[in-house]
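Colleague: take this sequence and fold it.
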Amino acid sequence: MLEQIKNYLIHGDNYDALSLLKNEKKLSSKVQLVYIDPPYGTKQEFTFSGDRFSTISRMNGGKLAYRDSLTGEEYLKFLSGRLIRIRDLMAEDGTIYLHIDLKMGHYVKVLMDKIFGQRNFINDITRIKCNPKNFSRKGFGNIKDIVLLYSKSRNYIWNDPRQSIEIGDHDVRFRSIDTNGRRYTTTPLHAPGETENGMTGKRWRGMLPPPGRHWRYMPEVLEKLDKQGLIEWSSTGNPRKKIYAEDVMRAGIKMQDIWTYKDSQNPKYPTEKNIEMLKMIISTSANIGDMVLDGFCGSGTTLVAAQELKRHWIGIDSSMQAIRICKKRLFNFDYINLVEQGAKDEQMVGTNPEISYNAELSR
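Modeller: Predicted coordinates for the structure are as follows:
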């Protein structure tokens with residue numbers, strides 16, 4: 001069915017779609033990045049009326065976009081079969097970002113530990129999703145959800161994401177000024193932990209690192225730093241590395257595990273996520289030309305981000321309304337309608353979800 005690696009938009013149950021993709025040699029074990037934002041087990045119905053979307057607990061006039069009706073063990077069984085098929089589609093250097101809320105997140109992490117392995121867990125990321133709330137309820141306001149990040153192996157794609165930083169002229173961290181007027185601070189050249197046999201635990205310039213610590217760099221690197229004038233020696237002979245403010249601003253700072261990417265106030269689809277967050281994820285964990293999969297693609301924001309960043313993509317959704325929006329936002333793709341093909345498609349396998357979910361969960 002799928003002739004070459006390009007972009008695919010699939011309408012249908014993602015369990016069936018993932019089973020189909022698994023049997024395609026050009027795609028099986030070829031997906032470098034997966035981002036999924038599955039239903040959260042909220043027992044809600046997501047509706048729309050014209051271009052306006054809302055989230056309600058029961059229908060009140062609008063058309064149904066999709067139902068989020070599974071909860072508890074039933075929900076985990078639903079997710080399990082899909083995660084196993086996703087894992088089989090992932091390349092060895094692939095990663096998966098699973099976006100979930102706090103009510104189900106901890107249970108889903110246990111499930112992902114089982115499917116992907118605890119050693120392949122990378123991060124539990126907090127995503128600030130909205131402005132502070134002032135609801136009258138017993139409990140703290142909920143302004144976050146979580147993103148669970150796992151890899152298929154330890155050799156995964158990682159294009160280290162950086163955040164921009166501004167350092168003012170009067171920043172107390174950069175008080176020192178060199179002869180060229182450049183502001184800098186200093187940091188220790190040693191780090192916690194002793195190295196008994198390695199070179200970083202041996203003498204450099206006649207001195208050992210302090211007890212319980214080791215040199216941060218090999219002796220040859222320390223010599224190079226000193227020749228470059230990047231080591232400041234105190235009056236007592238204590239060496240420290242110079243860190244210049246302009247270099248820090250140029251390089252940025254490492255992205256941490258608390259993200260502020262708030263949801264749109266005027267979404268194209270219920271649960272639509274911030275496109276800048278998705279661009280950051282794609283830039284971090286997929287290279288140009290790589291394949292990105294979103295198995296609950298909704299309005300296609302992940303796919304739009306992938307397309308803008310020159311990655312191939314596969315989007316799957318069971319909602320016809322979601323597919324209509326995707327078609328308006330995307331271009332240059334093949335469309336596969338599994339709803340129309342149904343059980344007649346000879347390439348479809350594993351279409352009995354009740355049996356399959358239970359079998360997969362027991363692995």
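Colleague: list the contacts for the residue nearest the centre of the chain?
Modeller: Residue closest to the mean C-alpha point of the chain, counted by CA atoms, centre = their mean, is residue 97 at 3.9 Å. Shown here is residue 97, whose contacts under the criterion CB atoms under 8 Å, 6 or more residues apart in numbering are 33, 34, 35, 36, 147, 148, 149, 281, 285. Quick note: C-beta positions are derived from backbone N, CA and C, even for glycine.
Colleague: same check on residue 306?
Modeller: With contact set as CB under 8 Å, 6+ apart, residue 306 has these partners: 282, 286, 292, 312, 313.
Colleague: still on that earlier bit, mind checking which of the contacts of residue 97 are in helices?
Modeller: Among these, the members found in helices (DSSP state H) are 281, 285.
Colleague: narrow the contacts of residue 97 to those that are buried.
Modeller: The neighbour-count criterion (16 or more other CB atoms under 10 Å) marks 33, 34, 35, 36, 147, 148, 149, 281, 285 among the contacts of residue 97 as buried.
Colleague: and the strands in the stretch 1-150 of the chain?
Modeller: Remark: strands assigned in the stretch 1-150 of the chain by DSSP state E, counting those that start in this stretch are 8-11, 31-36, 44-49, 52-56, 63-68, 90-100, 121-128, 144-151.
Colleague: can you flag the weakest of the ones you listed by average pLDDT?
Modeller: Confidence, taken as mean pLDDT, is least for strand 52-56 of the strands of the stretch 1-150 of the chain (a mean of 48).
Colleague: is it true that residue 143 touches residue 127?
Modeller: No: with the criterion set as CB atoms under 8 Å, residue 143 and residue 127 do not qualify as a contacting pair; they are 9.6 Å apart.
Colleague: so which of the two has more stuff around it?
Modeller: More crowded of residue 143 and residue 127, by other CB atoms under 10 Å: residue 127, with 20 against 15.
Colleague: ok, the nearest residue to the more buried one once chain neighbours are set aside - contacts?
Modeller: With sequence-adjacent residues excluded and distances taken as CB to CB, 6 or more residues apart in numbering, residue 127 is closest to residue 259, at 4.9 Å. The neighbourhood of residue 259, defined by CB under 8 Å, 6+ apart, consists of 125, 126, 127, 128, 147, 277.
Colleague: which two among the residues you listed are spaced furthest apart?
Modeller: Comparing every pair within these by CB to CB identifies 126 and 277 as the most remote, at 12.4 Å.
Colleague: higher neighbour count, these two?
Modeller: More neighbours surround residue 277 than the other of residue 126 and residue 277, with 23 against 17 (other CB under 10 Å).
Colleague: pull the contacting residues for that one.
Modeller: 127, 259, 261.
Colleague: pretty sure it sits in a strand.
Modeller: No: under DSSP: H, G, I helix; E, B strand; the rest coil, residue 277 sits outside any strand and is assigned helix.
Colleague: packing partners of the longest helix seen in the chain?
Modeller: Looking across the chain with DSSP H, the single longest helix is helix 72-89. Using 3 or more CB pairs under 8 Å, 6 or more residues apart in numbering; DSSP states H and E as the contact criterion, the secondary-structure elements in contact with helix 72-89 are helix 14-22, strand 31-36, helix 102-116, helix 353-361.
Colleague: weakest of the ones you listed in terms of mean pLDDT?
Modeller: Mean pLDDT per stretch puts helix 353-361 lowest among the helices and strands packed on helix 72-89, at a mean of 32.
Colleague: distance of residue 12 from residue 317?
Modeller: When distances are taken as CB to CB, to the nearest Å, residue 12 and residue 317 turn out to be 8 Å apart.
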